[in-house]
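**Q** Got a predicted structure plus its sequence, pasted below:
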Amino acid sequence: MQTEEYRFSVPIQIRMSDLDPFVHVNNGAQCNYFDFGRSSYFEHVFQKPIDWREMDMVLVHVEMDFKQGIEFQDHIVCETRLLSIGKKSIKMMQQLRDTQTDVVKTTCYSVLAGFDRTTHQSIPIREEYKKLFAQFEHLPDDQQE
């Protein structure tokens with residue numbers, strides 16, 4: 001069981017429109033689940049709603065591994081954690097896990113970078129974000145690049 005390393009979890013509501021012709025949750029819908037999990041994680045860590053028009057981080061890399069199909073009746077949560085904090089980026093890991101069977105269905109590795117929406121340039125991750133992430137995750141100094 002891998003849940004000990006995840007300090008944040010949010011339930012996922014599977015909708016009929018999420019299903020593909022094989023009656024599994026479509027891969028694209030799973031991307032949306034991870035987006036929802038990431039947004040919920042930020043709101044939880046920052047203790048306020050996120051205004052994505054002003055958020056100064058942007059998703060720059062996503063890698064997903066589909067380990068087992070997700071079916072309509074599955075009870076899925078999206079678990080999210082921060083792997084490391086760098087000067088201009090953060091690395092995250094997420095998983096979609098069935099709470100009844102404890103089976104991890106899909107994993108997602110992602111990188112978000114600091115981004116100035118006005119100049120469209122890379123910027124450092126805000127120190128206040130770094131502090132909040134490190135506090136929430138109990139990150140040791142070697143995971144803060």
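**A** Received, thanks. Numbering: from 1, shown residues only.

**Q** in this protein, which spans are strands?
**A** 8-12, 57-66, 76-85, 89-98, 104-116, 121-122 (DSSP state E).

**Q** In JSON lines, list those strands along with distance to His138.
**A** Quick note: C-beta positions are derived from backbone N, CA and C, even for glycine. Output for those, formatted as JSON lines (distance: least, Cβ to Cβ, whole Å):
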{"stretch": "strand 8-12", "distance to His138": "12"}
{"stretch": "strand 57-66", "distance to His138": "21"}
{"stretch": "strand 76-85", "distance to His138": "10"}
{"stretch": "strand 89-98", "distance to His138": "15"}
{"stretch": "strand 104-116", "distance to His138": "20"}
{"stretch": "strand 121-122", "distance to His138": "28"}
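
**Q** For stretch 90-110, measure first residue to last.
**A** 8 Å (Cα to Cα, to the nearest Å).

**Q** Contacts for that stretch next, please.
**A** 1-3, 6, 12, 30, 33-34, 37-38, 41, 57, 59, 61-70, 74-84, 111-112, 125, 129, 133 (Cβ atoms under 8 Å, 6 or more residues apart in numbering).

**Q** out of those residues, which are buried?
**A** 6, 12, 30, 33-34, 37-38, 41, 57, 64, 70, 74, 76-82, 84, 111-112, 125, 129, 133 (16 or more other Cβ atoms under 10 Å).

**Q** shaky segments in this protein?
**A** 1-4, 141-145 (pLDDT under 70).

**Q** State the distance from the residue located most distally from the centre of the chain to Arg15.
**A** Within the chain, the residue lying farthest from the chain centre (Cα atoms, centre = their mean) is Pro21, at 26.5 Å. Here Pro21 is placed at a distance of 16 Å from Arg15 (Cβ to Cβ, to the nearest Å).
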